[in-house]
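In: give the three-dimensional model of this entry:
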Amino acid sequence: MNPLRIFAAPSRYVQGPGALEALGSLLAEHGTRPVVIGDAFVLDLLGERVGSLLVEAGLSATYRVLEGEITAAAADALAAPGADVDTGDVDVVVGLGGGKSLDAAKAVALRLDRPVVTVPTIASNDSPTSAAVAMYDDGHVMVGVDRLRTNPAAVVVDTELVVAAPTAFLRAGVGDAIAKRYEAAGCFAGTGVTPLGTRPLLTGVAIADACYATIRAHAVGGLQACEQGRVTPDLEALVEAVVLMSGLGFENGGLSLAHSLTRGLMPARGAARAMHGEHVAWALLVQREAEGAAEEELIDLTSFLREIGLPISLEELGMPAATEAEVDEIARLTMTAPHLGNLARSISQTEIVAAIGRVERRADAQVVASTTASTATAP
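Out: Got it, this is the predicted structure:
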């Protein structure tokens, strides 16, 4: 095992209302010829504003549209020379939009060996800060995760854009982020490694802990502010936890069973339509069950997820009445994930099935208890 420990992070992180205004000066640090990559919707929505900012900064930008999935072929096409620009003349790549656009920009930056700047318009996960590049096939099945040589050169999170997007995206981001504390702890407790292939740093574990604490303190208020389209201190704290702390926590602390379970959920009936963060939120409950967490903790965590609208059962993920065969298949696919060894002890497929069963029974009990309480207090 590599005895070194590595800390990875973006070179610059900018967050706040109007943060987009800093984009021109940040890009100018890398040259005068950026290529901006986004989907048609985001470029239509923000392209004119971004274009004006870049012109004001003395930059000569080109724009390329991502269509469909972020596949190897799509990334190759986006990185290829064209009538608009000789990609050999590109100084920096900009990803503007959601996860697909950011991954597309990272994939292009990897192919061109150029720095990348990410500008998320939603806060549904920590991809903006990460060096990971999720690659799919045309059927939206993940086929692998590529990695940049370094993390993004800059991350620009304009919270006015975040609150303009549906709250469901931020809620999913909370689901993705809240697991990082337990995943980093599991990785550290055993012999697990981070995405960098080295043992976790104490710093990574500490950041993952801070991410969890921030979410518990600010999720309710932050999600409410997002629903109302308001940028508040709760909203700012929550976005920082979801995008920055979560990203630093997983890259320097490691992933574990919660993210491994997404392998089984992505093709599962109904659940395949849920967002990544919703998968992770439910999967965290399974991880803590498998790790033997105290009943009091499990009830508290389940109640909190339910309070903020994250799924606590397969039914709430879109998979009602899951059969034994379907649960077995989720567990079987989970066993193929590279993060599965990042626990204090090894875990079997049978144990995962049993943990899923306990999560489902607890969810059923909470629903019954809630219904009973509502009935008792009804006039």
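In: right, and residue 318 touches residue 265 too?
Out: No. Counting by Cβ atoms under 8 Å, residue 318 sits too far from residue 265 to count as a contact (9.8 Å). No exception for glycine: its C-beta is placed from N, CA and C like everyone else's.
In: quick one: which of the two has more around it?
Out: Neighbours of residue 318 and residue 265, each counted by other Cβ atoms under 10 Å, are more numerous for residue 265; the result is 24 against 16.
In: which ones are touching that one?
Out: The neighbourhood of residue 265, defined by Cβ atoms under 8 Å, 6 or more residues apart in numbering, consists of 271, 272, 274, 279, 282, 283, 317, 330.
In: pLDDT check: weakest of those?
Out: Confidence by pLDDT is poorest for residue 272 among the contacts of residue 265, given 92.
In: what about that one, how many neighbours?
Out: 15.
In: give me every residue that touches the closest residue to residue 287 other than its chain neighbours.
Out: Once its chain neighbours are removed from consideration, residue 287 has its nearest residue in residue 257; the separation is 4.0 Å (Cβ to Cβ, 6 or more residues apart in numbering). For residue 257, the set of contacting residues under the criterion of Cβ under 8 Å, 6+ apart consists of 183, 186, 283, 286-287, 290-291, 334, 339-340, 342-343, 347, 352.
In: same question, residue 168
Out: Shown here is residue 168, whose contacts under the criterion Cβ under 8 Å, 6+ apart are residue 275.
In: could you say which helix or strand holds it?
Out: Of the helices and strands defined by DSSP states H and E, residue 168 is found in helix 167-178.
In: average model confidence for that helix?
Out: Rounded to a whole number, the mean pLDDT of helix 167-178 is 98.
In: just stretch 198-205 next, same as before
Out: The pLDDT scores in stretch 198-205 average 96.
In: just how off-centre is it within its chain?
Out: When distances are taken as Cα atoms, centre = their mean, to the nearest Å, stretch 198-205 is centred 19 Å away from the chain's centroid.
In: how about stretch 259-271?
Out: Put simply, stretch 259-271 sits 15 Å off its chain's centre (Cα atoms, centre = their mean).
In: only the buried residues of it, if you could.
Out: The neighbour-count criterion (16 or more other Cβ atoms under 10 Å) identifies 259, 260, 261, 262, 263, 264, 265, 266, 268, 270, 271 as the buried residues of stretch 259-271.
In: what's the burial count for the nearest residue to the fourth one once chain neighbours are set aside?
Out: Using Cβ to Cβ, 6+ apart and skipping the chain neighbours, the partner closest in space to residue 262 is residue 279 (4.7 Å). Counted with other Cβ under 10 Å, the burial measure for residue 279 works out to 27 neighbours.
In: okay but residue 279 is in contact with residue 266, surely?
Out: Yes. With contact taken as Cβ under 8 Å, residue 279 and residue 266 are classed as touching, separated by 7.5 Å.
In: and the closest residue to residue 16 other than its chain neighbours, how far is that from residue 174?
Out: Sequence neighbours aside, residue 159 is the residue nearest to residue 16 in space, at 6.0 Å (criterion: Cβ to Cβ, 6+ apart). Between residue 159 and residue 174 the distance is 15 Å, computed by Cβ to Cβ, to the nearest Å.
In: for residue 155, same thing?
Out: Using Cβ to Cβ, one gets 18 Å for the distance from residue 155 to residue 174.
In: for the chain, give me the ranges with low pLDDT.
Out: Judged by pLDDT under 70, the chain has its weakly predicted residues at 1, 83-88, 367-379.
In: got the contact list for the residue most central in space within it?
Out: Among the residues of the chain, the one closest to the centroid is residue 125, at 2.5 Å (Cα atoms, centre = their mean). Residues near residue 125 by Cβ under 8 Å, 6+ apart: 99, 172, 173, 176, 177, 242, 246, 276, 277.
In: the last one contacts residue 215, correct?
Out: When you say that, I think you mean residue 277. No. Counting by Cβ under 8 Å, no contact exists between residue 277 and residue 215, whose distance comes to 11.6 Å.
In: find residues that contact each of the two.
Out: With the criterion set as Cβ under 8 Å, 6+ apart, the overlap between the contacts of residue 277 and residue 215 is 174, 177.
In: quickly find the element holding residue 195.
Out: Secondary structure assigned from DSSP H and E places residue 195 in neither a helix nor a strand.
In: gap between it and residue 333?
Out: 20 Å.
In: tell me where the stretch 151-300 of the chain has helices.
Out: For the stretch 151-300 of the chain, helices defined by DSSP state H, counting those that start in this stretch occupy the ranges 159-164, 167-178, 180-189, 202-227, 233-239, 246-253, 257-260, 262-265, 276-290, 295-307.
In: give the buried residues for the longest one.
Out: Going back to what we said before, that points to helix 202-227. Within helix 202-227, the residues that count as buried by 16+ other Cβ under 10 Å are 204-205, 207-212, 214-216, 218-219, 222-223, 225-226.
In: for that helix, packing partners?
Out: Secondary-structure packing of helix 202-227 (3 or more Cβ pairs under 8 Å, 6 or more residues apart in numbering; DSSP states H and E): helix 159-164, helix 167-178, helix 180-189, helix 233-239, helix 246-253, helix 295-307.
In: now the last one, how far from the centre of its chain.
Out: On the basis of Cα atoms, centre = their mean, helix 295-307 sits 22 Å off its chain's mean C-alpha point.
In: swap in the fourth one?
Out: Averaged C-alpha coordinates place helix 233-239 at 17 Å from its chain's average position (Cα atoms, centre = their mean).
In: could you name the helices and strands sitting against that helix?
Out: Taking 3+ Cβ pairs under 8 Å, 6+ apart as the contact cut, helix 233-239 packs with strand 13-16, helix 159-164, helix 167-178, helix 202-227.
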